[in-house]
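Engineer: below are the sequence and a predicted model; questions follow.
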Amino acid sequence: MADDPSLTRSQELIKEFNYDEQEDVEGCVARWSSQLGKDLHMDYSDIDYESREKIKTKDKQTLSGWLVNAVDLVRRQNSQLYLLKEIIECFKTEALADKEKVIRLQGQLLVQKDEQLQLLKTSVEETVQTTVESGIQNYSAAVQQNSASGTVCNSKILKKVMKSVAAEEDRSKNLIVFGLKEEEEEQLPALVTTVLEEIGEKPHFEATRVGWKRPGSTAIRPVKITVPSSTAVHQILMKTGRLRETHKDVWICPDRSSEERATRKHLVTDLKKKRAEQTHLDHYIRYGKVCSRDKKSS
C-alpha cells in the first residue's frame, strides 16, 4: 500500500499498529494470570516473593509450562511496547517541529503587524502633511491676494484661513457611512455600533444623519461618524472590505472635501470604464489612482 503523503509519521504508525494483537496479548496475560492463581490456590494479585515455597511444591513440568508461557507473553508485550515507544517518540519529534513552526509563524505575524503599523503611521503622516500644506497654501494665497490688491491682511482674513484649516483637520476625524437603513425614531448609535463591530472596531464616536430629509422621500441619507482621532479613521478604513460579507449595501468612506469628491468621482468613472473595456484584468483604486493587475494574482 502506497504511503499517504497527508499523514505524519506518527499517524502512519498508529494506522499500522496491530490493535488485534494488542487485545490478544492482553487476553492471554489475563488468562495466564487467572490459571496461575487457580494452580496455586490463591489470588493472582497476592503472588509475590514470599509465595516461592508454595511454588516449589509444583513439579518441573508445571513450572516449565508456566515459564514458557511467561516468556512468550513477555516477548509479545515487548514487541507491542517497542511499537508504542516509537509512536511516542514520533509524537515528541512532531510536537517540537510544530512548536518551531508556531514560533516561526508568530515571527511572521509580528513582521506583518509592524508593516501594517508602519503603513498606518505613513498614512497618518501624509494626512497631517497634506492638511498643513493646505493651510499654508490657503494662508499664502490670502496674503498674496490682499498684497496684490494693496490691502493689508487683517485679523478677519487670518481667522477665515485658520477656520478653513481647522475644518480640514476636523474632517480627518470623520467617516461617512452610505446605505445604512433609515427609519423613524431610529437608534442611530446602535446601528453604527453593529456595523463597526462587524469589522472588529469599537471606537467612541458621535453619529448624525447628513442633510435634510424631504417629506415623502425614500432616499437614504448618509451618516457622518466622528471618532477621537484620524488614526482611528485609518484603522476603520483598512477593514471596510469585511462589510462585503455581511452588509453588502453599506460602505464607509472618508469625509472628503468638495475637491476630493470631484477627484474621486473622476477616478470611479475611469475605474468603471476600464472594467468594461479590460475584463481580463482586475482594476481597483489605490493611492489616488486606478491600478490594474492580472486576475490570477488577485
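Structural biologist: Happy to help now that I have it.

Engineer: tell me how far residue 76 lies from residue 34.
Structural biologist: For residue 76, the distance to residue 34 equals 18 Å [CB to CB, to the nearest Å]. (Glycine included, C-beta is placed from N, CA and C.)

Engineer: the two - which one has more neighbours?
Structural biologist: Set residue 76 next to residue 34 and count neighbours by other CB atoms under 10 Å: residue 76 wins out with 16 against 12.

Engineer: and that one, what does it touch?
Structural biologist: Applying CB atoms under 8 Å, 6 or more residues apart in numbering to residue 76 gives the contacts 21, 25, 28.

Engineer: could I get these in JSON lines, plus columns for distance to residue 267?
Structural biologist: Below are these laid out as JSON lines (distance: CB to CB, whole Å):
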{"residue": "21", "distance to residue 267": "72"}
{"residue": "25", "distance to residue 267": "76"}
{"residue": "28", "distance to residue 267": "81"}
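
Engineer: quick one: which of those residues has the most company?
Structural biologist: Counting neighbours by other CB under 10 Å, residue 25 leads the contacts of residue 76 with 18 neighbours.

Engineer: and it, what element?
Structural biologist: Following DSSP states H and E, one finds residue 25 within helix 19-40.

Engineer: what's the offset of that helix from the middle of its chain?
Structural biologist: 54 Å (CA atoms, centre = their mean, to the nearest Å).

Engineer: now it: buried residues?
Structural biologist: 22, 25, 29, 32, 36, 40 (16 or more other CB atoms under 10 Å).

Engineer: show the average pLDDT along it.
Structural biologist: Mean pLDDT, helix 19-40: 87.

Engineer: can you list contacts of it?
Structural biologist: With contacts defined as CB under 8 Å, 6+ apart, helix 19-40 is touched by 43-44, 47, 51, 54-55, 58, 62, 66, 69-70, 73, 76-77, 80.

Engineer: now with 10 Å?
Structural biologist: The contact list for helix 19-40, computed with CB atoms under 10 Å, 6 or more residues apart in numbering, reads 18, 42-47, 51, 54-55, 57-58, 62, 65-66, 69-70, 72-77, 79-80, 83-84.

Engineer: outside of stretch 275-292 itself, list whatever touches it.
Structural biologist: Here stretch 275-292 makes contact (CB under 10 Å, 6+ apart) with 123, 126, 260, 263-264, 266-274, 293-298.

Engineer: could you redo the last one with a cut-off of 8 Å?
Structural biologist: For stretch 275-292, the external contacting residues (CB under 8 Å, 6+ apart) are 263, 267, 268, 270, 271, 274, 293, 294, 295, 298.

Engineer: please spell out the ChimeraX selection for the buried subset of those residues.
Structural biologist: Command for ChimeraX, covering only those of these found buried under the criterion 16+ other CB under 10 Å:
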select :271,274
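
Engineer: let's have the contacts of stretch 275-292 in CSV, adding secondary structure and distance to residue 192.
Structural biologist: Converted to CSV, those look like this (DSSP: H, G, I helix; E, B strand; the rest coil; distance: CB to CB, whole Å):
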residue, secondary structure, distance to residue 192
263, helix, 27
267, helix, 27
268, helix, 25
270, helix, 31
271, helix, 28
274, helix, 33
293, strand, 33
294, strand, 38
295, helix, 34
298, coil, 31
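
Engineer: and of the contacts of stretch 275-292, the nearest to residue 110?
Structural biologist: Nearest to residue 110 out of the contacts of stretch 275-292 is residue 298 (CB to CB; 26.2 Å).

Engineer: and residue 116, how far from residue 125?
Structural biologist: Distance from residue 116 to residue 125, counting by CB to CB: 15 Å.

Engineer: tell me where the stretch 151-298 of the chain has strands.
Structural biologist: Taking DSSP state E, counting those that start in this stretch as the test, the strands found in the stretch 151-298 of the chain are 174-178, 206-209, 223-226, 251-254, 281-286, 289-294.
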